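> Could you look at this predicted model? Sequence included:
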Amino acid sequence: MKDGVNGVALTVFILFFVAVTVMGFLAARWRKAENEHSLDEWGLGGRSFGTWITWFLLGGDLYTAYTFVAVPAAIYAAGAAGFFAVPYTILIYPMMFVFLPRLWSVSHKHGYVTTSDFVRGRFGSKGLSLAVAVTGILATMPYIALQLVGIQAVLDVLGVGGGENTHWFIKDLPLLIAFGVLAAYTYSSGLRAPALIAFVKDTLIYLVIAVAIIYIPIKLGGFDDIFAAASDKYTEAGAGGLVPTDGSQWTYATLALGSALALFMYPHSVTAVLSSRSRDVIRRNSTILPLYSLMLGLLGLLGFMAIAAGIKVENGQLAIPQLFENMFPDWFTGVAFAAIGIGALVPAAIMSIAAANLFTRNIYKDFLKPDATPAQETKVSKLVSLLVKVGALIFVLGMDKTVAINFQLLGGIWILQTFPALVGGLFTRWFHRWALLAGWAVGMIYGTVAAYGVASPTQKHFGGSSAEIPGIGEIGYIGLTAFVLNLVVTVVLTFALKAAKAPEGIDETSPEDYTGEAGDPGVQAELPPATANAAH
């Protein structure tokens, strides 16, 4: 590690940060709408983004700074098992092609802004809608915190903020400034800001990965030496070399499948999808987004390179930033760190907008102020987006980083429990709303309790996201086990409730709503009928 502040790298980092800050504020004038005081405009960019803007926005949304830091860090620590992120991002895109165009169509027809809007309209249940909204907010908060962790990792390696004995305010001032800038331009420009900045973020990431995958192996003697060094490390550690042992295959497969099912349940993923202007935009994106999976596979190799380069860090999250500082010229280190830093700003902005929209539409409007006007909704969403970021900042500054990571692991388990209501509802009305709510509760409780019981060498609780699968005896992803229990309870109770003729609620949608394209007769955005918002 280089002593003191890396002045050249810091200067380059600051230049890029200032540039994207200016872009963030200018985005308020980009594709400016006649009526800015609506969630359609502030929270969904006017539902007007085409194929390439959506591609960059989804890429910036799904492949975050934490991805940039954590995926190779997992491989650095645990070997090839960390590559589970690659197959899961491959699995998700065929699923995306099947169900997200249906969500876009019905949301466009009825003016839905969130997944909870759809669940409420489909099943006529504010209770189920509230459960989905709360789950989305809880799962998103620590995810935002981890984006700030990514920025903090870069700042630590840059030497900004002083040592451990430095006053907390001085030490954390750079992060506070980054937070303030993020909060300001998100409040001002809404979803247009991250959509515009995503162009810079993704270009930088592709550039850094392309250079790293060629330049660093040349300096380290080639991939043969890199893989040999990594294999030696894992063998010494008793991990069985580069390839995971047979006993970990269930963990790898269930984690990949469960993560794939969960990815587009996150509110920020859906927000980016609903901002597109047509079903075709979504379908085209499902065919070109796998380019990011290619990038992710190359990114994972950086974990092996960090081992071969002799990187030694107490916090594994610093391994890749430290690799960049050690291997690259100072000026390109600044470019690489800017890619990570901007890679945090884009998803953090989208996540805070998505969480704010959930609160505004499905808590504030449904339960606190049913007669809220579009302007009032937009104002509340802007304020809540600020509060969400403040909460994430408190997470980062006031708690151990492992706490944020633990909650993010829980977030993945939790958000998967909304799959039956959302994806099931897009294809069938057979599930009973009360059964879906009961299944959700069972999945949430089981997943939380099971995760609480997982220990690690450094933690007594929440030490990981895998545990023994009941009845099978293999170690697997807790979220997928909870999802199966959720589905079983939902199906069994649906049979029972239908036999008892329990009231099923009002479905405000019709079959043709799920296949309509923008401009089709009757497929014009409209507010959900007030009667459909009644509690059942």
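Good, I have the coordinates.

> is it true that Pro194 touches Thr64?
No - Pro194 is not in contact with Thr64 according to CB atoms under 8 Å; the separation is 11.2 Å. C-betas here are computed from N, CA, C, even on glycine.

> Name the residue in the two with the higher neighbour count.
Legend: neighbour count by other CB atoms under 10 Å for Pro194 and Thr64, higher for Pro194 (33 against 26).

> Low-confidence regions, the stretch 351-500 of the chain specifically.
398-406 (pLDDT under 70).

> can you give me the helices in it?
Using DSSP state H, counting those that start in this stretch, the helices of the stretch 351-500 of the chain run over residues 374-398, 401-415, 419, 425-427, 433-452, 478-499.

> Tell me the residues that contact both of Pro194 and Thr64, please.
Applying CB atoms under 8 Å, 6 or more residues apart in numbering, one finds that Pro194 and Thr64 are jointly contacted by 346-347.

> and stretch 71-81, what's its mean pLDDT?
Averaged over stretch 71-81, pLDDT sits at 82.

> Name the surrounding residues that touch it.
Contacts for stretch 71-81 (CB under 8 Å, 6+ apart): 82-83, 85, 230, 234, 239, 241-244, 248, 251-252, 296, 299-304, 306-307, 311, 316-317, 319-320.

> rerun that using 7 Å as the cut-off
Stretch 71-81 is touched from outside by 82-83, 85, 234, 239, 242-244, 248, 252, 296, 299-300, 302-304, 306-307, 316-317, 319-320, with contacts defined as CB atoms under 7 Å, 6 or more residues apart in numbering.

> Can you turn the buried part of those into a ChimeraX selection?
Buried residues within the contacts of stretch 71-81, by 16 or more other CB atoms under 10 Å, are selected in ChimeraX with:
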select :82,83,85,234,239,242,244,248,252,296,299,300,302,303,304,306,307,316,317,319,320
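
> Show me the helices in the stretch 101-250 of the chain, by range?
Going by DSSP H, counting those that start in this stretch, the stretch 101-250 of the chain shows helices at 115-123, 126-158, 168-189, 192-220, 223-236, 249-263.

> mean pLDDT for those helices: which is lowest?
Comparing mean pLDDT across the helices of the stretch 101-250 of the chain, the weakest is helix 168-189, with a mean of 78.

> between it and helix 192-220, how big is the angle?
For helix 168-189 against helix 192-220, the angle by axes from the mean of the first three to the mean of the last three CA atoms, to 10 degrees is 130 degrees.

> Point out the other helices and strands that helix 168-189 packs with.
On a contact count with 3 or more CB pairs under 7 Å, 6 or more residues apart in numbering; DSSP states H and E, helix 168-189 meets helix 7-26, helix 126-158, helix 330-359, helix 374-398.

> How about the contacts made by the closest residue to Ala195 other than its chain neighbours?
In space, and not counting its chain neighbours, Ala195 is closest to Leu57: 4.8 Å by CB to CB, 6 or more residues apart in numbering. Contact analysis of Leu57 by CB under 7 Å, 6+ apart lists 49, 194-195, 198, 272, 275.

> Can you name the helix or strand that Leu57 falls in?
If you go by DSSP states H and E, Leu57 is part of helix 51-62.

> What does the pLDDT read for the spatially most central residue of the chain?
With the centre of the chain defined as its mean C-alpha position, the nearest residue by CA atoms, centre = their mean is Leu62, 5.4 Å away. Model confidence at Leu62, given as pLDDT, is 80.

> and it, what does it touch?
Here Leu62 is in contact with 263, 269 (CB under 7 Å, 6+ apart).

> what about Ile205, how many neighbours?
Using other CB under 10 Å, Ile205 is surrounded by 25 other residues.

> measure it to Pro217 for me?
In this view, Ile205 and Pro217 are 19 Å apart by CB to CB, to the nearest Å.

> Could you do Tyr185 as well?
Counting by CB to CB, the gap from Tyr185 to Pro217 is 38 Å.

> Which one's more surrounded, the two?
More neighbours surround Tyr185 than the other of Tyr185 and Pro217, with 26 against 18 (other CB under 10 Å).

> ok, now which ones touch that one?
Going by CB under 7 Å, 6+ apart, Tyr185 touches 21, 24-25, 193.

> Tabulate the helices of the stretch 351-500 of the chain in TSV, adding columns for distance to Pro174 and mean neighbour count.
Formatted as TSV, the helices of the stretch 351-500 of the chain follow (distance: least, CB to CB, whole Å; neighbours: other CB atoms under 10 Å):
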stretch	distance to Pro174	mean neighbour count
helix 374-398	12	19
helix 401-415	17	21
helix 419	39	19
helix 425-427	44	18
helix 433-452	33	21
helix 478-499	35	20
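
> Reformat those as TSV; add distance to Gly43.
Listed next are these as TSV, based on distance: least, CB to CB, whole Å:
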stretch	distance to Gly43
helix 374-398	6
helix 401-415	19
helix 419	23
helix 425-427	21
helix 433-452	25
helix 478-499	27
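
> Relative to Leu138, which of those is closest?
Closest to Leu138 of those, according to CB to CB: helix 401-415, at 6.1 Å.

> now what about whatever helix or strand comes next after that closest one, what contacts it?
Going down the chain from helix 401-415, the next helix or strand is helix 419, by DSSP H and E. Residues from elsewhere that reach helix 419, judged by CB under 7 Å, 6+ apart: 261, 265, 483.

> Tell me the one of those residues nearest Gln376?
Checking those against Gln376 with CB to CB, the nearest one is Met265 at 28.1 Å.

> residues near Ser510, how many?
Ser510 has 10 neighbouring residues, counting by other CB under 10 Å.

> And the pLDDT at it?
With respect to pLDDT, Ser510 has a value of 94.

> any idea how far it lies from Lys109?
In terms of CB to CB, Ser510 sits 9 Å off from Lys109.

> you'd agree Phe199 is up against Trp55?
No - counting by CB atoms under 7 Å, Phe199 stays clear of Trp55, with 10.1 Å between them.

> Just want to know which of the two has more residues nearby.
The neighbour comparison of Phe199 against Trp55 (other CB under 10 Å) goes to Trp55, with 22 against 17.

> hang on, isn't the more buried one packed against Thr287?
No - assessed by CB under 7 Å, Trp55 is found out of contact with Thr287, at 10.2 Å.

> returning to that earlier point: how about TSV for the contacts of Leu57, with distance to Ala438 added?
Converted to TSV, the contacts of Leu57 look like this (distance: CB to CB, whole Å):
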residue	distance to Ala438
Phe49	37
Pro194	37
Ala195	38
Ala198	39
Ala272	31
Ser275	33
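
> Between those, which sits nearest Thr494?
Ala272 (31.6 Å).

> Please name the residues that touch that closest one.
54, 57-58, 61, 350.

> can you do 10 Å?
By CB atoms under 10 Å, 6 or more residues apart in numbering, the contact list for Ala272 reads 44-45, 49, 53-62, 191, 194-195, 198, 264, 266, 285, 347, 350, 353-354.

> What strand or helix carries it?
helix 267-274.

> Just the pLDDT at the residue nearest to Ala195, thanks.
On the pLDDT scale, Leu57 is placed at 88.

> Tyr112: how many residues sit nearby?
Using other CB under 10 Å, the number of residues around Tyr112 comes to 25.

> For it, give its distance to Val119.
Using CB to CB, we find Tyr112 at a distance of 9 Å from Val119.

> re earlier: figure out which of the helices of the stretch 351-500 of the chain is closest to Leu128.
Among these, helix 433-452 comes nearest to Leu128, with 5.0 Å by CB to CB.

> Remind me what the closest one packs against, helices and strands.
Contacts defined by 3 or more CB pairs under 10 Å, 6 or more residues apart in numbering; DSSP states H and E place helix 433-452 against helix 115-123, helix 126-158, helix 401-415, strand 466-468, helix 478-499.
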